[in-house]
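S.K.: one predicted model, sequence on top.
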Amino acid sequence: MITHEELKKIAALAKLSLDGEDLDALAEDVGAVIDFANDIAEADLSSFDLTERDEEYPLREDVAAPSVPAEKILSNAAESRGGYFVARG
């Protein structure tokens, strides 16, 4: 289970304001996600050969395409420097 203190730290990093019922509801939801991830991690896969496939899946061709300009991406950043996001912890 995730604690309220841990959630507050995560919320601060995401620049979210959480308190009261919001914090309780998010703790419950995040706890459920963590429990589900733990269940998946503990699944017994010993009866599966994960390297053997019956079918082939074609991959798309890797083609370079124009990207969104960095200035547009960084326009919503709280802080940027030299073309990169600045993260503060």
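M.R.: Here it is on my side, so go on. Worth saying up front: this structure is predicted, and the values here are computed from it rather than measured. Numbers count the residues shown, from 1 in each chain.

S.K.: quick check: longest helix in this protein by residues?
M.R.: When secondary structure is assigned using DSSP state H, the longest helix within the chain turns out to be helix 20-41.

S.K.: give the buried residues for the helix or strand bottoming out on mean pLDDT in the chain.
M.R.: Every helix and strand of the chain was ranked by mean pLDDT, DSSP states H and E. The lowest is helix 4-13, at a mean of 90. Neighbour counts using 16 or more other C-beta atoms under 10 Å place 7, 11 of helix 4-13 among the buried residues. C-beta here means a position set from N, CA and C on the backbone, and glycine is covered the same way.

S.K.: tell me which residues are up against the helix or strand following the longest helix of the chain.
M.R.: Next in sequence after helix 20-41, counting helices and strands by DSSP states H and E, comes helix 70-74. Surrounding helix 70-74, the residues in contact under the criterion C-beta atoms under 8 Å, 6 or more residues apart in numbering are 80, 83, 85.

S.K.: mind checking which of these are in strands?
M.R.: Judged by DSSP state E, the subset of those located in strands is 80, 85.

S.K.: ranking the contacts of helix 70-74 by neighbours, who comes first?
M.R.: The member of the contacts of helix 70-74 that has the most neighbours, counting by other C-beta atoms under 10 Å, is Ser80 with 15 neighbours.
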